[in-house]
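**Student:** Sequence isn't available, so here's the structure alone:
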Ligand code: MIC
Ligand code: SF4
C-alpha cells in the first residue's frame, strides 16, 4: 500500500510486535522508538534529574545532545551553575554537549547531527524544526525525553496527516515566514491539534532547508504534533554544503499515497504578512499594520536566524541607517552562520547601518535580554508574540519575516519591504554552497565515565514527585482562566525566571505571576485545588514547569475546554489530571473559589468520566478525560516516574 512520508517514518519506528501501519487510524495510541534526543539549558535540568532517578548508567538513544543555548545572560550564579551541572551530566551519561555560543539547538541539530528518516524527541516545542530535513521530530516535556534517553519508546496519539501542497513560487519580498503565517491564518493557534503537516508539491523544491525549517518550526504555534518535508535534492545539497553527504538519505512519499486531509497554498499569491499582538495567529498583510511606530526590531531565533535570512535583511539595510528611535538587534542562530556572515562582509553592512549584533543564542526570543520599553512595539522574526514574552508586560510584539523587520528598522514604522526596497534584488541570496564546518564547540561523549562526578550548584533542587490521586477529591478552584493561556502565562519567560528553572520551590512562587499575581497565595491557602481553563490551555512551549509548579502548589487537576498537546502530556507525566468539560457550557457554572467534590474520583477515572458536585453553587457537572489505558495507569501512579519505577520493579520480579 503506498504510504505518505509521515506513515513511512512512523512505520519505521514502531517497536517490534506493533500493529501494522496500515491498520493504525488517527486517534489510536501508538509508540515510536526514538533515535535522537535533544535538551536545552532551561528545560534540561528537570529532564536529567528524572533521568538520574531512573537509575540508568548511560543514555540509550543513538544520539543525545545537550545544548547550552537559551539563557547565556548570566544575571547571577544560577545559570552558570546549571551549565556546569549539565556539562558534567553529559560527560557522565554519554551525551554530546553543545557549548554556549555554538548555536540554538534546532538550528545546530539539523545542520550538524540530523539524519533524514531518524526520529528526534526534544525538550522544546520547536523540535519539529528537524522536519526540514525529513526527520520525525517531536517536542515534549523533560520527563518524556528522560524516558526516551533511557531507551523507552514515545507514546503518541496517531495524528491525521495533512498534505500541504505548495504550488507556485514566492514573489520578491515574501518568504518562508509568510507560508507559515498563512498556515496560522488558516488554522489558528489550536487548529493543528492532532495533525502532522506534510509539505509536498513543486513549491517545496523552491525552498531551501532553513526556509523549510522556518515553516516546520512554527507548526508548533498551531499545536501540531509535527511538520515534515521530504529529504529531496535540496536536502542533499544542504548535506553536501555541511560536508555530511554520507549522512544523507533520500525520502519521499509514495506516489498515489493517501492523506487524511489536504490543502493547497499558492506561494505566488502570498504577500508579506505579520502576526499582530498578542497571538501568532493574529495574522494580517503587513500593509494593514503599516505605520505603527516601532521601538525595537529583533532579527534572529531558530525561526529566522539563517544565513540567507540575515543576508536579506542586511542587503535592505546596506547603505542606510537604523531609525534613531529604533534599537535593531541581530542574532545569527549558530556560530557557523555567524562565521559565514562575517566572512562575506554581511556583519559589516549590518553594523555600518547601526545594528547591534548580540550573542548567538535564543536570548531576546524568550525575553532573555532585549526587553522592549514600557508599552513599546517590538518587531521580531521569531515565532511567538504572547503577552509578556519579550520581558515587558505591556509591550506589543509583532512577528514577521526578515525583510519586513529590516524595512521597519529603517523607517521606524511597520513597513512593507516592497515600499522601500526593490525586493527582486534579494533573489540571488542563497545559502552558502559550502559552510565552514568546525564542531570544536561540541564535546563528544566519552566512554570511561566511572570517575566523572556530577557537579550540582546550590540552585539545583530535587525534582518534586507527585503521589497517586485520592479516592475522593474535595478541592477549591484556585484559578479560572480564559482561552489560549500559554505556558508563558503560567511560567513566565525572561532572564530572571529562566534562571530559576532548576529550583521548583523558587520558581513556583512566580506561577501565573504575570497573569494573576494572587494565584500562588490562593493555591497555597486552598490546597488541594483545581484550575479551570478555557480553550487551548497551556499552548506554546514545552516547559514542564508549567505543570510541575501548579502540582507543587497542590493543583490536582486542570478542567478545561481543551488543552494543548505537550502541556497535556506534561500534566499526565507529573500526575496532574487533565480533564475536559463534557458540556462546554459548564465552564460558566464554575467560578474562582468554588468548592468542588468528586466523590468517586479514582474509580471514575478508569471510566474517563468524573462527576463533580459544585458545592458552592449546588450544581453537578461531568468532566471527561481522553486518557488512554496507559495514561490512566500513569495518573493512578502519581506520574511517569512512579509508573516507570513500578514497571521496572515488576519486570525485574518477573525476570527473576
Ligand atoms: C520557547 O520558545 O518558548 C522555548 C523557551 O524555547 C520553550 C522551551 C522552554 O520554555 O523551556 C519551548 O519552545 O518549548
Ligand atoms: Fe530559542 Fe526562541 Fe527557538 Fe525557543 S523559539 S528555541 S527560545 S530561539
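**Tutor:** Happy to help now that I have it. Treat the numbers as computed from the prediction; the structure is a model and nothing was measured. Ligands and ions are numbered 1, 2, ... in the order given.
**Student:** give me the number of residues near residue 11?
**Tutor:** If you count neighbours by other Cβ atoms under 10 Å, residue 11 ends up with 15. Backbone N, C-alpha and C define where each C-beta goes, glycine included.
**Student:** can you tell me which residues contact it?
**Tutor:** By Cβ atoms under 8 Å, 6 or more residues apart in numbering, the residues touching residue 11 are 3, 21.
**Student:** tell me the pLDDT at it?
**Tutor:** Note for residue 11: predicted pLDDT of 98.
**Student:** Which of the three states applies to the most centrally placed residue in the chain?
**Tutor:** Centroid check for the chain by Cα atoms, centre = their mean gives residue 125 as the closest residue, at 1.4 Å. Classification of residue 125 using DSSP: H, G, I helix; E, B strand; the rest coil returns coil.
**Student:** Ligand 1 contacts on the chain?
**Tutor:** Residues of the chain that fall close to ligand 1, judged by Cβ under 6 Å from any ligand atom: 42-43, 70, 124-126, 366, 540-543.
**Student:** Apply 8 Å and report the result again.
**Tutor:** 40, 42-43, 70, 123-126, 139, 220, 302, 362, 365-366, 382-384, 389, 487-488, 491, 493, 498, 501, 540-543, 545, 566 (Cβ under 8 Å from any ligand atom).
**Student:** Tell me which of the residues you listed fall in strands.
**Tutor:** Among the residues of the chain next to ligand 1, DSSP state E puts 40, 139 in strands.
**Student:** List only buried entries from the residues of the chain next to ligand 1.
**Tutor:** Buried members of the residues of the chain next to ligand 1, counted by 16 or more other Cβ atoms under 10 Å: 40, 42-43, 70, 123-126, 139, 220, 302, 362, 365-366, 382-384, 389, 487-488, 491, 493, 498, 501, 540-543, 545, 566.
**Student:** Filter those residues down to the ones in helices?
**Tutor:** The members of those that map onto helices under DSSP state H are 42-43, 487-488, 498, 545, 566.
**Student:** Mind picking the two most distant members of those residues?
**Tutor:** With distances taken as Cβ to Cβ, the most widely separated pair in those is 498 and 566, at 17.9 Å.
**Student:** What strand or helix carries residue 479?
**Tutor:** Residue 479 belongs to strand 473-480 when assigned by DSSP states H and E.
**Student:** Could you do residue 341 as well?
**Tutor:** Per DSSP H and E: helix 335-343 holds residue 341.
**Student:** just residue 308 next, same as before
**Tutor:** Per DSSP H and E: helix 307-317 holds residue 308.
**Student:** Now the element after that helix, going C-ward?
**Tutor:** By DSSP H and E, the next helix or strand past helix 307-317 is strand 327-331.
**Student:** Please compute how far that next one lies from its chain's middle.
**Tutor:** 23 Å (Cα atoms, centre = their mean, to the nearest Å).
**Student:** Residue numbers of the stretch 301-450 of the chain in contact with ligand 2?
**Tutor:** Going by Cβ under 8 Å from any ligand atom, the residues of the stretch 301-450 of the chain near ligand 2 are 301-303, 305, 333, 361-363, 365-366, 382-384.
**Student:** hmm, I was thinking of the chain
**Tutor:** So the chain meets ligand 2 at 40, 69-70, 104-106, 124-126, 217, 300-303, 305, 333, 361-363, 365-366, 382-384, 493, 541 (Cβ under 8 Å from any ligand atom).
**Student:** run the last query once more with 5 Å
**Tutor:** 126, 301-302, 362, 365-366 (Cβ under 5 Å from any ligand atom).
**Student:** pLDDT added to those residues, as JSON lines?
**Tutor:** Below are those laid out as JSON lines (pLDDT from 0 to 100):
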{"residue": "126", "pLDDT": "98"}
{"residue": "301", "pLDDT": "98"}
{"residue": "302", "pLDDT": "98"}
{"residue": "362", "pLDDT": "98"}
{"residue": "365", "pLDDT": "98"}
{"residue": "366", "pLDDT": "97"}
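**Student:** Let me know the average pLDDT across stretch 205-223.
**Tutor:** 98.
**Student:** was I right about residue 523 contacting residue 475?
**Tutor:** No. Using Cβ atoms under 8 Å, residue 523 makes no contact with residue 475, being 10.7 Å away.
**Student:** Beyond the helix or strand where residue 621 lies, next helix or strand please.
**Tutor:** Assessed by DSSP H and E, residue 621 sits inside strand 619-624. Per DSSP H and E, strand 619-624 leads on to helix 629-637 as the next helix or strand towards the C-terminus.
**Student:** Tell me which stretches of the stretch 351-500 of the chain form helices.
**Tutor:** Taking DSSP state H, counting those that start in this stretch as the test, the helices found in the stretch 351-500 of the chain are 402-411, 417-420, 487-490, 495-498.
**Student:** and if you look at the stretch 201-350 of the chain?
**Tutor:** 209-217, 233-241, 286-289, 307-317, 335-343, 346-353.
**Student:** Deepest in the core, which of the ones you listed is it.
**Tutor:** Most buried of the helices of the stretch 201-350 of the chain, by mean neighbour count (mean count of other Cβ atoms under 10 Å): helix 209-217, with a mean of 28.
**Student:** and that one, what does it pack onto?
**Tutor:** helix 105-108, helix 176-187, strand 226-228, helix 233-241, helix 307-317 (3 or more Cβ pairs under 8 Å, 6 or more residues apart in numbering; DSSP states H and E).
**Student:** Swap in 7 Å and give it another go.
**Tutor:** Contacts defined by 3 or more Cβ pairs under 7 Å, 6 or more residues apart in numbering; DSSP states H and E place helix 209-217 against helix 176-187, helix 233-241.
**Student:** and the angle for that helix with helix 176-187?
**Tutor:** 20 degrees (axes from the mean of the first three to the mean of the last three Cα atoms, to 10 degrees).
**Student:** Please list the residues outside helix 209-217 that contact it.
**Tutor:** Helix 209-217 is touched from outside by 106, 110, 126, 128-129, 131-133, 176-177, 179-180, 199, 227, 229, 234-235, 238, 302-304, 306, 308, 383, 431, with contacts defined as Cβ atoms under 7 Å, 6 or more residues apart in numbering.
**Student:** switch to 8 Å and redo it
**Tutor:** 106-107, 110, 126, 128-133, 137, 175-177, 179-180, 183, 199, 204, 207, 226-229, 234-235, 238, 302-304, 306-309, 383, 431.
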